[in-house]
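[1] sharing a model prediction with you, sequence too.
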Amino acid sequence: MTELAPSDVADPLVVRTVAVPDVGPLADLLPHDDPRGAMSWIRRGDGLVAWGEAARTDVAGPDRMARADAWFADLGRRAVVRDEVGVRGTGAVAFGSFSFSPDSPAGGSLVVPRVVIGRRDGVSWLTTIETGARVGPRPSLARERSAAAPVREPRGVRSLAGALEPAAWRRAVADVVARIRAGEAAKVVLARDSWASADEPVDVRSLLRRLAGDYDSCWTFAVDGLVGATPELLVRRERGLVASRVLAGTIRRTGDDDADLARAATLARSSKDLEEHEFAVSSLAAALAPFAATANVPEVPSVLHLPNVMHLATDVTAVLDEVGDEAPSSLALAAALHPTAAVCGTPTDVAARIIAEAEGMDRGRYAGPVGWLGADGDGEWGIALRCAEVSTDDPRRLRLFAGCGIVAASDPVAELAESEAKLVPVRSALGIG
Ligand SMILES: C=C(O[C@H]1C=CC=C(C(=O)O)[C@@H]1O)C(=O)O
């Protein structure tokens, strides 16, 4: 059993969910420009936004997700809940994000917000979460948003170099290709960072608006200053059903629809990309197997079209073997599935070591699980891609990330161009794309 540190044990949560009239675009509802206070999980207009902190736990180390999961399970069991809506995402929820590496000082956290607004299939709701057994007045959207500050667009944004200059990163890719060709690993996902600096603190609400609008089919997330729109779903648990969207294998878009259709066909036939993709699907399927005796894994990937790139995509579904309290929560599943070969490589341990040696940086929470968890264990966890982290030291600065799967047939110049394409969503949202 995971022990809870005394500081992690909070008063019982008092949770109330009420239906509200349609709330409009979710990203417009966040009232404050505090970069670390905004929480978001939006896709195709549905999802959750949240703010405030009823409770939080900060964790680090190899069992960081297990500790956070146990902490929230305990809070959920003791919570006093009045839920008048009763759909996925109502009642007590927590948002979280966790470091890619178990050794990273970034660790991770789960935050139980004070206010959550959600929408799903035309139903909108408001949840308030209090501590200290106070039963406040009936939740009211107008009251919660009464002090809303106007959204500020980013101004004076400049791009700055990351840990490795582009040419140095290209050389790092070439070295990794050589190591793969020498038989050290089969696939390694190599990432790079870059910085952006603005004239004033960045209002993450403007980024969320742009990302949720431009990348509608992605999951637009914000947790503790990590903001992005990921196309990759690590795991969703909804009752006994599990779903995952595995992506690996990429081609850039040209902006010309006919040319892009031809490029999609090229991607679907590219042996280099199909190999890269297969490693990612196999790693996910192998990690899922202990929890679901049978999984539906399509044999051939489809092509996912995003505004900046196209990816090979496989949607995996499965039914959990265990039900009820015995079933692993969505966060426990995320912990078991992370890191897939979409962000690490094959074999996992060798790839992780090569990443630590070759990237010249700590990934922080980039490429780690990000998402939300309900008190019943259901929830959704994406892989934190196409994202930026607001600096804790200076809210005018953001660190952007992009990575590429490297296999024996990879070309360093093409991989650098691919990483640039993957930086486009956040750069455009900042006005520098
Ligand atoms: C590691 C990233 O993308 C992954 C997801 C989709 C396609 C990928 C690729 O083709 O390399 C990567 O595996 C990233 O966006 O930083």
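    Ah, there it is. Residues are numbered from 1 along each chain as shown.
[2] contact partners for the closest residue to G52 other than its chain neighbours?
    Taking CB to CB, 6 or more residues apart in numbering as the measure, G52 lies nearest to R114, with 2.8 Å between them; neighbours along the chain are not counted. All C-beta atoms are positioned from the backbone trio N, CA, C, and that covers glycine. The contact partners of R114, by CB atoms under 8 Å, 6 or more residues apart in numbering, come to W51, G52, E53, A54, T128, I129, E130.
[3] mind pulling up the pLDDT for R114?
    Note for R114: predicted pLDDT of 96.
[4] now do L4
    Reported pLDDT for L4: 40.
[5] likewise E326?
    E326 is assigned a pLDDT of 88 by the prediction.
[6] how close does it get to F291?
    Using CB to CB, to the nearest Å, we find E326 at a distance of 11 Å from F291.
[7] now R158. Nearest residue, chain neighbours left out?
    Excluding the flanking residues, the one nearest R158 by CB to CB, 6+ apart is S197, at 5.3 Å.
[8] helices of the protein, start to end?
    Under the criterion DSSP state H, helices of the chain are mapped to 64-78, 141-144, 166-181, 204-214, 257-269, 271-288, 330-337, 348-358, 412-429.
[9] so which of the ones you listed comes closest to the ligand?
    Distances from the ligand to each of those were compared using CB to the nearest ligand atom; the minimum, 4.2 Å, belongs to helix 412-429.
[10] is that closest one positioned near the ligand?
    Yes: in this structure, helix 412-429 sits against the ligand according to CB under 6 Å from any ligand atom; the contacting residues are K422.
[11] in that helix, which residues are buried?
    Along helix 412-429, the positions that meet the burial threshold by neighbour count (16 or more other CB atoms under 10 Å) are 412, 415-416, 418-429.
[12] before we move on, back to that, what separation do you get for the residue nearest to R158 and L160?
    Using CB to CB, one obtains 6 Å as the distance from S197 to L160.
[13] who has more neighbours, those two?
    Each of S197 and L160 has its neighbours counted (other CB atoms under 10 Å); S197 has more, 16 against 12.
[14] who's that one bridged to?
    Beta-bridge partners for S197, by DSSP bridges, are R158, R397.
[15] quick one: contacts for it?
    Neighbours of S197 in contact, by CB under 8 Å, 6+ apart: V157, R158, L160, R396, R397, L398.
[16] between these, which sits nearest A351?
    Within the contacts of S197, the smallest distance to A351 is 27.0 Å, found for L398 (CB to CB).
[17] the closest one touches D193, doesn't it?
    No: contact criterion CB atoms under 8 Å: L398 and D193 do not qualify, at 10.2 Å.
[18] which one's more surrounded, those two?
    Applying other CB under 10 Å to L398 and D193 shows that L398 carries more neighbours, namely 28 against 24.
[19] number of nearby residues for the residue of the stretch 51-200 of the chain found nearest the ligand?
    Across the stretch 51-200 of the chain, the shortest distance to the ligand (CB to the nearest ligand atom) belongs to V189, at 5.3 Å. Neighbourhood size, V189 [other CB under 10 Å]: 28.
[20] V87 now?
    15.
[21] which of the contacts of R114 are buried?
    Buried positions within these, assessed by neighbour count (16+ other CB under 10 Å), are W51, G52, A54, T128, I129, E130.
[22] quick one: pLDDT of R396?
    With respect to pLDDT, R396 has a value of 97.
[23] identify the residues contacting the closest residue to it other than its chain neighbours.
    When the adjacent residues along the chain are set aside, R396 lies closest to A198, with 4.9 Å between them (CB to CB, 6+ apart). Each residue near A198 by CB under 8 Å, 6+ apart is listed here: P154, R155, G156, V157, R158, R396, R397, L398, L430.
[24] R363 now?
    Residues S99, F100, S101, S104, A191, I355, F401 are the ones in contact with R363 under the rule CB under 8 Å, 6+ apart.
[25] just to revisit the earlier point, tabulate the contacts of A198 (CSV), appending distance to V176.
    Listed next are those as CSV, based on distance: CB to CB, whole Å:
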residue, distance to V176
P154, 34
R155, 38
G156, 36
V157, 31
R158, 30
R396, 33
R397, 28
L398, 26
L430, 29
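[26] neighbour-wise, which of these leads?
    If you count neighbours using other CB under 10 Å, the busiest of those is L398, which has 28 neighbours.
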